[in-house]
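>>> the following comprises the amino acid sequence and a computationally predicted model.
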Amino acid sequence: MSAGAGHLRDHIVVRTPGERLALRLPIRALAAVLVLAGLLVAVFALSLVTGSYDIDLATVVLTLTGNAPSDAIDNVVWQFRFPRALAAALVGAMMALSGSALQNVTRNGLADPSLIGISQGAALAVVFGIVLAPGLDYSWRPILAFGGALTIAALVQALSHQKRGNGAIRFILVGIGVAAFVTSLTSAMLTYGDIDRAVSALAWLAGSINAATWNDVVLLSLWCAALCPLILGLSRIMSVLRMGEETATGLGAPVRWARYGLICIGVGFAAAATAIVGPLGFVGLIAPHAARRIARASLGLHTILTALCGALLVAAADLAGRALFAPVQIPAGLVTAIIGVPVFVYLLQRNAARSQL
Amino acid sequence: MSATTDHHGTRHLAAASGIPITLGVAALLFALHIAVGAKPLPLATVFEAIFARNTEVFDHMIIWELRLPRALIAVTVGAALAVSGALMQGVTRNPLADPGLLGLLAGASFAVVATSFFIDLPSMQFLPWIAAAGALATALVVYVISSLAPGGATPLTLTLAGAAITAFLAALTSVMHLLNEDTFENLRVWLTGSLAGRDIAMLWITGPWIAIALLAALALGRQVTALAMGDEVAKGLGVRTGPLKVQLLVTVVVLTACSVALAGPMGFVGLVIPHVVRLFVGSDYRWIVPYSAIVGAAYLLGIDIIARVAIAPREISTGIITAMVGAPVFIQLVRMRAK
């Protein structure tokens, strides 16, 4: 590959020899990717250093390169803080991509997996599993969560379906109703269940990353590796879908299949993330929007930016949650909700023009 | 009801004829609510205990000390929430209005939690007032957010703003819960909306206020009917909409706050009941308000019976069941109205 000067000054164009493939990349978006990645590394460093056990940065670097001064430090960094930071970033990226996919399908900037019942569906299925089948292996949780989330997504889709119009408003309002219903089922399940199991389910429901292990990181990475190529593959159709379903159909895009595919991907991301750390509110809402504000980019690059924003947000939220009121740990899900609601209100001020009831 | 038409007279007669029937159903559920429980009591004993109390009899003690207070609180909370929802739907012309959906319940309970987090509450006396302040503030915030949105305060923007504010307050409540676990052990059941083990003393504190607010709602019913047809129509009919809206807001806040102080946040009661009532009595708030009160009371009695017997000997929080019933009604309303 060779990089050549672009036609416009704010883009660089990358061409393969023979110009069979050429990519035109906006500089601003590329810079944003670099800055966000840098910030993410900084948050990582901070979360490795911060905690009840004091470790300075030099020691952390030594430990990460395999020369830990003591077993205790090695243990704290490798077994507790590092997997936790990684899990937070992965979960954030996944929730962000889930929100991005759902917003594309509904063409509504306010769609968020935790608002329209998808996270709640995953939570219900997992709580069901914890309470009724406590012996079930941990790795089954994402599958259960996926089943629950997909059922709820299908239910919301079916209930809000109508013959004419795309029903974006109905979709969200029905989603809010379904979310309330599913939440009440989960609460009933918790009352019904054994108290010990209920307590462990309750901790998980707050969206806490504090118990993340390498096992979780591996599970999350596997799901990411499976779903990311799919979302990137669909991004071409997604960019046509942005113009509205009729235009997309006219341009020859398989709208129906893309819709179902995107819903499944969005649900898959949210379900896997929810299964590991519990419901994290509003990340899927903030990240895609923040990515759009930071830089205009093609959909592929926008997807990367969205994932980075989500990762940064949750990693920072987790860090803030455990540092602010130490030794008490505030679950990251609560922090993201507290940040997310003002963003939601702001988006509501700009977005609702198209709404009617 | 002057001598203008006989037609009006017969309509009112027809509407009024339902009152004894619904009252009868409510009374029956009231007796049933008292009879059902860990120790089932025959209805005869219930009537005997109520009308000819004998302090020596153990069953009478159960009824007077445990069951009757709970039934009375269910009646009060059901009536207050249903009327509160009816008034909200009328004044915002929003079929999806409900003290829970628009964030008032969350605001009231957040205010109570936050106050007990920062200071030791000297007495229960202040609880309803703190709840009222929280409900009022939240109502205003939700209304301002949704009316600033393009398109104004539509059912969609109101519901979205309400859902967002509820999520926000719930997160803050959880944070305070984590920071001070001991204080919150007793608040936790209350926060799910439960009628179990509630203090009858709170009923004596809030009762007069709820009674005043219900009477005010009855008195304002005629003007609410006009307001529900639109501000312009109401003005044309001689209603002073500004003062009326303030009076209604105060009434709604008092009803909501008192019910929260009594039983915690109990979602969807205010949504479901007025819609059911409208099916029978139409859009006249002079009838919607009293019927909402009676049917709301009967409804919560019935729900609370289910809450106590469904997984006996344990019980489900009443608020969980009102949400289970109410959320599908909400979805159906959206399906009927939203494009």
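Structure's in. What do you need?
>>> which strand or helix spans residue 86?
Looking at chain A here, since you left the chain open. helix A:82-106 (DSSP states H and E).
>>> my bad, the chain I had in mind was chain B
helix B:68-92.
>>> what average pLDDT does that helix get?
Mean pLDDT, computed over helix B:68-92, is 92.
>>> helices or strands up against the very next helix or strand once past it?
Counting by DSSP H and E, the element after helix B:68-92 in chain order, helix or strand, is helix B:104-118. With contacts defined as 3 or more Cβ pairs under 8 Å, 6 or more residues apart in numbering or on different chains; DSSP states H and E, helix B:104-118 has these neighbours: helix B:127-148, helix B:155-179, helix B:181-191, helix B:241-263. C-beta here means a position set from N, CA and C on the backbone, and glycine is covered the same way.
>>> low pLDDT regions in chain A?
Residues of chain A that meet the criterion pLDDT under 70 lie in A:1-9, A:19, A:21-23, A:163-168, A:193-200, A:202-204, A:206-208, A:351-357.
>>> right, and the helices and strands packed on helix B:104-118 - which one's nearest residue B:82?
helix B:241-263 (9.2 Å; Cβ to Cβ).
>>> now the closest one: buried residues?
B:241, B:244, B:247-249, B:251-263 (16 or more other Cβ atoms under 10 Å in any protein chain shown).
>>> show me where the stretch 151-300 of chain A has its helices.
A:168-192, A:195-205, A:214-233, A:235-241, A:245-250, A:255-277, A:283-294, A:299-323 (DSSP state H, counting those that start in this stretch).
>>> name the helices or strands packed onto the fourth one?
In terms of contact count using 3+ Cβ pairs under 8 Å, 6+ apart, helix A:235-241 is assigned the packing partners helix A:82-106, helix A:245-250, helix A:255-277, helix A:299-323.
>>> next one: the last one
Under the contact criterion of 3+ Cβ pairs under 8 Å, 6+ apart, the helices and strands touching helix A:299-323 comprise helix A:27-49, helix A:82-106, helix A:214-233, helix A:235-241, helix A:283-294, helix A:332-351.
>>> point out the most buried one among the ones you listed.
Stretch with highest mean neighbour count among the helices and strands packed on helix A:299-323: helix A:82-106 (a mean of 28; mean count of other Cβ atoms under 10 Å in any protein chain shown).
>>> on that earlier part again, switch the helices and strands packed on helix B:104-118 over to a markdown table; also include mean pLDDT.
Output for the helices and strands packed on helix B:104-118, formatted as a markdown table (pLDDT from 0 to 100):
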| stretch | mean pLDDT |
| --- | --- |
| helix B:127-148 | 89 |
| helix B:155-179 | 85 |
| helix B:181-191 | 68 |
| helix B:241-263 | 90 |
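>>> for residue A:134, helix, strand, or coil?
Secondary structure state of residue A:134, per DSSP: H, G, I helix; E, B strand; the rest coil, is coil.
>>> and it, how far from residue A:216?
19 Å (Cβ to Cβ, to the nearest Å).
>>> what does the stretch 51-200 of chain B put close to chain A?
For the stretch 51-200 of chain B, the residues in contact with chain A (Cβ under 8 Å from any Cβ of the partner chain) are B:96, B:145-146, B:148-151, B:154-157, B:159-161, B:163-165, B:167-168, B:170-172, B:174-175, B:178-179, B:192.
>>> what of the stretch 201-339 of chain B?
Residues of the stretch 201-339 of chain B lying near chain A (Cβ under 8 Å from any Cβ): B:267-268, B:311, B:314-317, B:320-321, B:323-324, B:326-328, B:330-331, B:334-335, B:337-339.
>>> one more pass at 7 Å, please.
B:311, B:314, B:316-317, B:320, B:323-324, B:327-328, B:330-331, B:334-335, B:337-339 (Cβ under 7 Å from any Cβ of the partner chain).
>>> restricted to helices, list these.
By the criterion of DSSP state H, membership of those in helices covers B:320, B:323, B:324, B:327, B:328, B:330, B:331, B:334, B:335, B:337.
>>> count the neighbours of residue 60 for me.
I'll assume chain A. 20 (other Cβ atoms under 10 Å in any protein chain shown).
>>> that's the other chain; I wanted chain B
For residue B:60, using other Cβ under 10 Å, the count is 20.
>>> then residue B:102?
32.
>>> swap in residue B:54?
10.
>>> same question, the one 5 residues further on
Residues within reach of residue B:59, counting by other Cβ under 10 Å, total 16.
>>> report the contact partners of it.
Applying Cβ atoms under 7 Å, 6 or more residues apart in numbering or on different chains to residue B:59 gives the contacts B:41, B:45, B:49.
>>> export the helices and strands packed on helix A:299-323 to CSV and append columns for distance to residue B:65.
Putting these into CSV (distance: least, Cβ to Cβ, whole Å) gives the following:
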stretch, distance to residue B:65
helix A:27-49, 54
helix A:82-106, 50
helix A:214-233, 51
helix A:235-241, 64
helix A:283-294, 50
helix A:332-351, 40
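>>> up against chain B, what does the stretch 1-150 of chain A have?
A:110, A:115.
>>> now do 10 Å
Contacts of the stretch 1-150 of chain A with chain B, taken as Cβ under 10 Å from any Cβ of the partner chain, map to A:110, A:114, A:115, A:117.
>>> farthest pair within those residues?
A:110 and A:117 (13.9 Å).
>>> excluding its backbone neighbours, what's nearest residue A:329?
residue A:322 (4.7 Å; Cβ to Cβ, 6 or more residues apart in numbering or on different chains).
>>> that neighbour contacts residue A:212, correct?
No - with contact defined as Cβ atoms under 10 Å, residue A:322 does not reach residue A:212; the gap is 11.8 Å.
>>> now the common contact residues for these two.
A:81, A:84 (Cβ atoms under 10 Å, 6 or more residues apart in numbering or on different chains).
>>> can you report how many residues lie near residue B:61?
14.
>>> just give me how far whatever helix or strand it lives in sits from the chain centre.
For residue B:61, the enclosing helix or strand under DSSP H and E is helix B:58-62. In terms of Cα atoms, centre = their mean, to the nearest Å, the centre of helix B:58-62 is set 30 Å apart from its chain centre.
>>> tell me the mean pLDDT over it?
pLDDT averaged over helix B:58-62 gives 83.
>>> just give the nearest non-adjacent residue to residue A:230, would you?
Nearest to residue A:230 is residue A:265, by Cβ to Cβ, 6+ apart, at 5.5 Å.
>>> count the neighbours of residue A:161 for me.
12.
>>> hang on, residue A:39 packs against residue A:89?
No - counting by Cβ under 10 Å, residue A:39 stays clear of residue A:89, with 11.3 Å between them.
>>> about what we covered before: how far away is the residue nearest to residue A:329 from residue B:66?
44 Å.
>>> the helix or strand containing residue A:73 packs against which elements?
Using DSSP H and E, residue A:73 maps to helix A:71-75. Helices and strands touching helix A:71-75, by 3 or more Cβ pairs under 10 Å, 6 or more residues apart in numbering or on different chains; DSSP states H and E, are helix A:57-64.
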